[in-house]
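> Mind folding the following:
(2 chains)
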Amino acid sequence: MSAAAGSNGKTAAAAKPKLAIFGAASCGGCDVAIVNIHEHIVDVANAFDIVLWPTVMDGKYSDIEAMADHEITITLVSGSMRTDETVHLAKLLRRKSKFVVSFGSCASEGCIPGLANLSSRKEILDTAYSTTSTDNPDGIRPIWEFQAPEGVLHLPEFEPVLRTLDQVVDVDYTIPGCPPESNQIWAALEAVVKALNGTGPLPPKGAVLGAGESTVCDECARKRDVKKISKFVRVQQVAHFDPEICLLEQGLPCNGPATRNGCGALCPAVSAPCIGCYGAAEGVIDYGARLMAAYASVVEAMKPEEIDKVLDGIPDPAGQFYRFSLAGSLLRSGRSAWQNDGE
Amino acid sequence: MERITIDPVTRLEGHGKIEIFLDPDGEVANAYFQIPELRGFERFCVGRPVEEMPTLTNRICGVCPEAHHMAAAKAADAVYHVDPPRAGKLLRELLYSAFYVTDHTTHFYALGGPDFVVGPDAPAAERNILGVLAKVGMEVGGKVIEARRNGHHVIEMIGGRKIHPATAVPGGMTQGITEEQRAEIEKIGRWSIEFAQFSLGIFDQIVLGNDAYKEMVLSDGYTHRTYYMGMVDPNNKINFYDGKVSIMSPDGERVGTYAPAEYRDWIAEHVEPWTYLKFPYLKKVGWKGFVDGTDSGVYCATPLSRLNVADGMATPLAQAAYERFYETLAPKPESGGKRIVHHRLATHWARLIEMLYAAERMVELATDPEITSPNVRTLPTEKPTEGVGTVEAPRGTLTHHYWTDERGILTAVNLVVGTTNNYAPMAMSVKKAAQSLIHKGTIVHQGLLNRVEMAFRLYDPCFGCATHSLPGEMPLQVAIRNSDGEVIELLKQNC
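Model prediction:
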């Protein structure tokens, strides 16, 4: 991409707003989703001087360090804060950028890896280095500063808890999703380009870009009859789900009612429940609390044994209600465990 | 002791870092390749319902989520002792074949291929997808974009989403495909066969038609004699979705072929305190450190490994390409065993042969009379216990192993992921590159970076699985230290 930007000549490149794309602890899916805007990637290269995108193109951190504060117009940060190095880089990019966008679920709410906050750092390391196929009789663990025979080797410190980007630096905008759908990424970038051109409004600070303002249910094609259910089921207990009726009304715990729309309700369309990857719907303060309220409203159970039966269908409440949002949730699992060191 | 740090990361976590130490004579004393990140899936998946594993473990890697999705679904099948209906398995394999075409396309054109297509001596800034387009033309660029778009479209049709699919569940798939979708997939499959042949043609023209490149492929600096691993069908032909795992010795002798559930009899993982990633090795041979040869348990699991392990390809065009590959690079077996290619750069060629196989397999599957059957799921009837699921991920054999309680809630999880298999060979390739370019304290600066970079890229390392960087684009920082530990040279790329 640097070549494309450079091919327009140095002067043109210098006049363009600078864009940085940085992945902290992530799976790379956010980067693949950006690449999947296909031909539009050329539009992005034309609109911006891409100063950093280490997963895809050349770019030097030393150049970022050398930049003036706020010299980068926009930085997209995907991934969560898992080691002291990610935290350092997030702070550096914040300082150098006018706008910081929390890109995707990991940065915004912790995503699946945020479930690590249910365990202590010791439990996570002990598990990883003593699994059934691990040959580790001496109980070796990674050491941040290891004295090898030839010299000292450094590793970034695995922090006691995983944190979201906004628990580390100030965030201007959020693009939700795991990963964000490519059409939405392009829509968000296009809006930003217009704002920078002066042909469109600048979104207010804190805005959620590239998503809707209601819930997945609102864009789901399945029919709802506001029917009550007497129990939840698990996918392996039911041979066939009606392709046209709401999955929740068929007893499958679907996260649609609490989840922000924008994905196109892709999962329910293939008979898979929404798992909540677009995060909390507009105005929702706590994702899990909203989902619990939504479930409570469809459940018909009065007697204790009926309630027990209902709960059997949700064998992992922490995962069901905070699958993507634990680290960033009101439970503040991130903050409290951080303060207590989690050990 | 002098020290050279190739830090793929200045302060950037999650990529990789190489420390090269020199002895007082200025020769390489040792090289360490560090992976500086862990996320801890094996811990935090405990307590989750097993049917969620195909979607939870997608998030291990956004480059190859399809591989984790399938390995997890197969492990969940095994936990419930349930065999999906034939149509369910065909659909999973169809999604997986489309993924292989897409993934290998990305690697050849955007990540690893630029080294060859643009040229290993071209400036690093040109060795990227744009450099490839400049050399082969925008028309080809359009085809590459079309191939990736096609592949993701098929993945979305069957899996519901382009990245992180949603439809594989214990016992099969949530739903089948329509005749209309099938016809579109068949068409894309046929287009993909042509595209794979076209890509092999480019390789022929640019690499095989150039003596300097050919010489480099065959050079000792890029040669390692290790064991090889790959999944095969009952006829010892490559299969990506299902089969047994086979091991080939460096001499071309088949060491053994095992059912995935027996993986612990065959492999173990070594731990070093200076890195977050473990080093798998062949248990029966043993961990002897970062060395190659028959006495070392180090093995490799890549497209080249799979060709070396297999007796051939299960589809006709890919089989012809396979024959040509060995006739060109290893016309005769070294010692009466199977023909083996140890030249690591040939991995790029092997990848294109696999792309052709995956495309042909797409068409086979899309034209199977059962592929549109709505009978894609078998309900489990037995109590869940323990299960292993293995697929051949593009970057190596991928194994998920789960234990659950009687409700199907996970009590333990073990994962041996694709790229991890190749961690030790990659570390060795780095050391070898360093040893051949550093003598008496004299360092070939750019040459060293190029060599190290190319040595990495052929493995298509995807530390999304281990960490997060996209395959082939590993930022590198090399610090070279003297015997007092002072940095005498700092070389950087992509960071």
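> now the helices: where do they sit in the stretch 51-200 of chain A?
With DSSP state H, counting those that start in this stretch as the criterion, the stretch 51-200 of chain A has helices at A:61-66, A:84-96, A:104-109, A:121-128, A:182-197.
> can you check the stretch 351-495 of chain B too?
Using DSSP H, counting those that start in this stretch, the helices of the stretch 351-495 of chain B run over B:418-421, B:423-437, B:445-457, B:463-466.
> Pick the most buried one from the helices of the stretch 51-200 of chain A.
helix A:104-109 (a mean of 33; mean count of other Cβ atoms under 10 Å in any protein chain shown). The C-beta positions use only the backbone N, C-alpha and C, and glycine is treated the same way.
> Check which helices and strands it is in contact with.
helix A:29-35, strand A:72-78, strand A:173-175 (3 or more Cβ pairs under 8 Å, 6 or more residues apart in numbering or on different chains; DSSP states H and E).
> Centre of the chain to the shortest one, how far?
Spelled out, it's strand A:173-175. Taking Cα atoms, centre = their mean, to the nearest Å, the mean C-alpha location of strand A:173-175 is offset from the chain mean by 10 Å.
> quick check, it touching chain B?
No: shown here: strand A:173-175 not in contact with chain B (Cβ under 8 Å from any Cβ of the partner chain), separated by at least 14.5 Å.
> Need the nearest residue in space to the most centrally placed residue in chain B, chain neighbours excluded.
For chain B, the residue nearest the mean C-alpha position is residue B:395 (0.8 Å; Cα atoms, centre = their mean). Using Cβ to Cβ, 6 or more residues apart in numbering or on different chains and skipping residues adjacent in sequence, the residue nearest residue B:395 is residue B:418, 3.8 Å away.
> Then residue A:270?
Going by Cβ to Cβ, 6+ apart, residue A:270 has residue B:160 as its nearest residue, at 3.5 Å.
> As TSV, the helices of the stretch 51-200 of chain A with distance to residue B:82 and mean pLDDT would be great.
Listed next are these as TSV, based on distance: least, Cβ to Cβ, whole Å; pLDDT from 0 to 100:
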stretch	distance to residue B:82	mean pLDDT
helix A:61-66	50	78
helix A:84-96	40	93
helix A:104-109	31	97
helix A:121-128	27	95
helix A:182-197	35	90
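> In TSV, list those along with distance to residue A:76.
Listed next are the helices of the stretch 51-200 of chain A as TSV, based on distance: least, Cβ to Cβ, whole Å:
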stretch	distance to residue A:76
helix A:61-66	14
helix A:84-96	10
helix A:104-109	9
helix A:121-128	28
helix A:182-197	9
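> which stretch in the helices and strands packed on helix A:104-109 has the least confidence?
Note on the helices and strands packed on helix A:104-109: lowest mean pLDDT is at helix A:29-35, with a mean of 89.
> Give me the buried positions along whatever helix or strand comes next after that helix.
The C-terminal neighbour of helix A:29-35 among helices and strands, as given by DSSP states H and E, is helix A:40-47. Buried residues in helix A:40-47, counted by 16 or more other Cβ atoms under 10 Å in any protein chain shown: A:40, A:41, A:44, A:45, A:47.
> same thing with stretch B:290-297?
Those buried within stretch B:290-297 under the rule 16+ other Cβ under 10 Å are B:290, B:292, B:296, B:297.
> tell me the SS of the first one?
Yep, that's residue B:290 we're talking about. Secondary structure, DSSP: H, G, I helix; E, B strand; the rest coil: residue B:290 is coil.
> from memory it sits against residue B:429, does it?
No: here residue B:290 does not reach residue B:429: they are 9.9 Å apart, not a contact under Cβ atoms under 8 Å.
> Can you pull out the low-pLDDT segments for the chain?
No chain was given, so I picked chain A. Residue ranges of chain A with pLDDT under 70: A:1-14, A:54-62, A:332-343.
> My question was about chain B, not that one.
Using pLDDT under 70, chain B drops low at B:1-16, B:111-115, B:120-121, B:123-131, B:133, B:441, B:443-453, B:457-458, B:460-495.
> Closest residue of it to chain A?
Here chain B gets closest to chain A at one residue, residue B:62, 2.1 Å apart by Cβ to the nearest Cβ.
> and that residue, helix, strand or coil?
Criterion first, three-state DSSP; result for residue B:62: coil.
> what do you get for residue B:235?
Applying three-state DSSP: residue B:235 is coil.
> That one: how many residues sit nearby?
Using other Cβ atoms under 10 Å in any protein chain shown, residue B:235 has 11 other residues around it.
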